[in-house]
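S.K.: Next one to model:
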Amino acid sequence: MLHALPPGRTIVYNDVGGNMKTILCILLSLCIYTGNLNAAEPLTVVEKTDFTRTSLYDEVMDYLFALKSQSPLLELAVFGESFEGRMIPLVIVSASGVRNSYDLHRQGLPAVLIMANIHAGEVEGKEAVQMLLRDFAFGRHLDWLDGQVVLFLPVFNADGNEKIGKNRRDNGPEEAGVRHNGQGLDLNRDYIKLDSPEVNALVKLLREWDPVLVVDLHTTNGSYHRHPVTYSTMAHPNSPVELRDYMWQKFYPAVGRELLEKYGYSSIPYGNFSNRSDPQKGWANDAFEVRYGSNYVGLRNRFTVLDENYSHADFRTRVLSCLAFLKSILSYTSVHINEMAVLAAEADRQTSESFTREQIALSYRVEKLFDMVVNSYEFELERIKKADLHKYPAWYGGLLVRKTDRERDYQVPYLAKAVIEKGRSLPAGYLLDPFQPEVIEKIRAHGVVVHRLLEDWNGEIESFQISGLEMARNIFQGRVAVSLKGDYKSEIRNLPAGSHFVSLNQPLARLAAVMLEPEGSDSLAAWGFFNRVLVRQWSAQPGKYPVYRVAAAPKTAMIQLP
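M.R.: Here you go, the predicted structure:
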């Protein structure tokens with residue numbers, strides 16, 4: 001059940017197709033904001049407390065209503081509901097009257113989505129977003145809205161935000177929320193399995209609004225350096241090369257330059273020293289799986305920014321540098337968003353027409369993307385006493401690495417290019433046995449087009465022959481991972497009416513292939529969606545994988561599922 005709004009608040013619900021409904025009315029006129037344009041600009045919680053405290057959910061909501069009352073540019077909507085029943089606010093900022101996705105598409109405008117607080121202990125994005133919304137509400141940066149609409153999710157993990165406590169060990173506020181949502185799930189690992197209401201709602205938003213760029217705000221830890229902002233983009237080896245190249249070759253050089261020259265904050269690509277005891281060996285990214293939002297959106301053929309603000313910086317610097325980074329991004333997109341939209345549309349076309357000529361990555365290796373400079377420090381090494389080795393993780397290698405106060409810059413390779421090590425050619429599409437409603441529901445929830453066979457079909461298919469099945473020892477994100485080994489075998493098979501066909505001749509083919517190729521680390525099989533048939537009943541022998549590859553679409557009567 002939705003948590004009630006405070007008296008005097010109005011909010012709208014953004015429904016399928018962009019229809020707007022009023023779901024909560026004005027309750028007490030005494031508490032209504034007057035909309036006085038001469039009113040003083042409201043301060044955020046961090047400003048009121050001199051950056052010693054982060055905002056609670058109700059404080060965020062009160063602040064958003066205060067801003068909405070001051071400006072016709074802002075619309076406040078509910079785009080989803082958290083596991084514990086809190087409304088998740090969506091703020092729509094538009095100079096042309098866009099109030100829903102229907103308006104957006106009718107006007108032919110591109111959108112940018114900025115989301116904060118997916119990990120609710122990583123709070124500076126939430127605070128920076130509130131400051132940026134105030135800028136828009138009080139008439140600043142209006143030129144950024146001439147040709148684009150900006151969407152904000154200020155407090156995406158609303159439940160985690162309220163589990164306030166001493167949950168972090170960094171230079172942020174003394175108390176913050178937690179990483180997980182009300183279910184105990186990491187929402188930034190839920191993009192394929194969609195076990196949470198929050199990410200289900202987010203994927204629905206991506207389908208309906210189709211933002212050209214998605215900006216996801218986080219806090220990083222790890223290696224010591226002197227840059228308050230770090231960033232990355234789609235990194236999965238099957239993401240569109242043209243979009244990845246654009247981000248690294250055009251977007252980030254321009255945004256990073258403005259961030260430094262206009263606002264005074266330095267930035268570098270996201271990562272850590274690949275060898276703690278020898279920093280010059282490289283700076284490495286380690287997030288390539290589709291379960292991460294930045295990679296998931298990339299497989300939808302859209303641009304992504306992963307912002308990782310530096311946890312060892314003081315909290316004021318983290319919030320203000322994040323705000324400056326967002327301003328630099330929107331300054332860039334205000335000029336280049338149409339160029340980016342054209343590239344995204346071209347990625348859709350190329351994926352539909354030629355993705356089947358590529359290989360799907362089953363495993364990959366990481367190589368140098370380019371050389372870079374990390375402004376850091378000199379470090380001292382201390383060997384851990386044998387009696388204390390059990391206190392530290394094995395990857396410490398028996399060494400403690402301590403930062404000194406002596407600054408040092410390292411010229412290093414950026415190890416962030418995922419190259420397919422083991423790949424598999426792609427079919428024209430996949431046929432699925434009937435009676436798998438959960439699987440079909442998940443595929444369709446992502447927006448992948450699915451057809452149902454209206455009559456029996458007999459033809460040549462490739463079936464995956466399972467030679468090995470291994471279950472993970474531990475539960476991960478509420479599921480037990482399944483690892484499959486095997487190979488495909490060609491055969492003639494009859495598939496009955498009610499079977500389903502997923503073509504790879506569609507814009508979301510990259511995502512469809514990741515979900516349906518069984519050996520991938522983020523396939524539906526790996527997340528356990530086929531467990532009831534992968535092992536024979538009353539036996540330890542492998543069963544069958546009920547998804548088949550075909551070289552051409554079945555020539556039979558089919559209907560596209562709505």
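
S.K.: Tell me the helices and strands packed up against the longest strand out of those in the chain.
M.R.: For the chain, the strand that runs over the most residues, judged by DSSP state E, is strand 399-425. Under the contact criterion of 3 or more C-beta pairs under 8 Å, 6 or more residues apart in numbering; DSSP states H and E, strand 399-425 touches strand 283-284, strand 359-383. Quick note: C-beta positions are derived from backbone N, CA and C, even for glycine.

S.K.: ok, Glu380 - contacts?
M.R.: With contact set as C-beta atoms under 8 Å, 6 or more residues apart in numbering, Glu380 has these partners: 401-402, 404.

S.K.: What about these, which one has the most neighbours?
M.R.: Val401 (18 neighbours; other C-beta atoms under 10 Å).

S.K.: Once you drop chain neighbours, what's closest to that residue?
M.R.: Nearest non-adjacent residue to Val401, counting by C-beta to C-beta, 6 or more residues apart in numbering: Arg276, 4.6 Å away.

S.K.: so that neighbour sits right up against Ser223, yeah?
M.R.: Yes: between Arg276 and Ser223 there is a contact under C-beta atoms under 8 Å: 7.4 Å.

S.K.: Neighbour count: the two, which is higher?
M.R.: Ser223 (21 against 18).

S.K.: Relative to Asn375, how far out is the more buried one?
M.R.: Separation of Ser223 from Asn375 (C-beta to C-beta, to the nearest Å): 12 Å.

S.K.: what do you get for Val342?
M.R.: 36 Å.

S.K.: what's the answer for Arg452, then?
M.R.: Plainly put, Arg452 is 57 Å away from Asn375 if you go by C-beta to C-beta.

S.K.: And these two? Which one has more around it.
M.R.: Arg452 (17 against 13).

S.K.: The helix or strand hosting the more buried one packs against which elements?
M.R.: Using DSSP states H and E, Arg452 sits within strand 451-453. Secondary-structure packing of strand 451-453 (3+ C-beta pairs under 8 Å, 6+ apart): strand 500-503, strand 558-560.

S.K.: Now those in a markdown table, please, with extra columns for mean pLDDT and mean neighbour count.
M.R.: As requested, the helices and strands packed on strand 451-453 are exported to a markdown table (pLDDT from 0 to 100; neighbours: other C-beta atoms under 10 Å):
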| stretch | mean pLDDT | mean neighbour count |
| --- | --- | --- |
| strand 500-503 | 98 | 22 |
| strand 558-560 | 98 | 13 |
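
S.K.: before we move on, back to that, direction included, what does the longest strand of the chain pair against?
M.R.: Strand pairing for strand 399-425, using DSSP bridges, gives strand 283-284 (parallel), strand 359-383 (antiparallel).

S.K.: Give the buried residues for it.
M.R.: Residues of strand 399-425 classed as buried: 400-401, 410, 412-418, 420, 423-424 (neighbour count, 16 or more other C-beta atoms under 10 Å).

S.K.: One more: stretch 339-357?
M.R.: Here stretch 339-357 shows 340-341, 343-344, 347-348, 351-352, 355-356 as buried, counting by 16+ other C-beta under 10 Å.

S.K.: how near is the closest residue to Lys163 other than its chain neighbours to Leu185?
M.R.: Excluding the flanking residues, the one nearest Lys163 by C-beta to C-beta, 6+ apart is Val178, at 4.5 Å. With distances taken as C-beta to C-beta, Val178 is found 11 Å from Leu185.

S.K.: so who does the residue nearest to Lys163 touch?
M.R.: 120-121, 160, 163, 165, 167.

S.K.: Tell me both backbone torsions, phi and psi, for it.
M.R.: phi -110, psi 170 (degrees, to the nearest 10).

S.K.: That one and Phe435: what is the separation?
M.R.: 39 Å.

S.K.: Check Asp159 too.
M.R.: 34 Å.

S.K.: So if I had to pick from those two, which one is more boxed in?
M.R.: Asp159 (25 against 12).

S.K.: On the three-state scheme, the more buried one is what?
M.R.: helix (DSSP: H, G, I helix; E, B strand; the rest coil).

S.K.: So in the chain, where's the weakest helix or strand by average pLDDT?
M.R.: strand 20-24 (a mean of 36; mean pLDDT, DSSP states H and E).

S.K.: related to what we said a few turns ago, quick one: closest of the helices and strands packed on strand 451-453 to Ser321.
M.R.: strand 500-503 (43.2 Å; C-beta to C-beta).

S.K.: and the closest one, which strands flank it?
M.R.: strand 429-432 (antiparallel), strand 451-453 (antiparallel).

S.K.: close enough to count as contact, Trp144 and Ile329?
M.R.: No: using C-beta under 8 Å as the test, Trp144 is too far from Ile329 to be in contact (9.9 Å).

S.K.: so who does Arg406 touch?
M.R.: 377-378.

S.K.: Do I have it right that Glu367 meets Lys417?
M.R.: Yes: using C-beta under 8 Å, Glu367 is in contact with Lys417, at 4.7 Å.

S.K.: residue ranges of the helices in the stretch 251-400 of the chain, please?
M.R.: 252-263, 293-299, 315-354 (DSSP state H, counting those that start in this stretch).

S.K.: Can you give me the domain boundaries for the chain?
M.R.: 11-351, 427-560 (automatic domain parsing).

S.K.: Kindly check the end-to-end length of the last one for me.
M.R.: Translated: domain 427-560. In domain 427-560, first residue to last residue: 19 Å (C-alpha to C-alpha, to the nearest Å).
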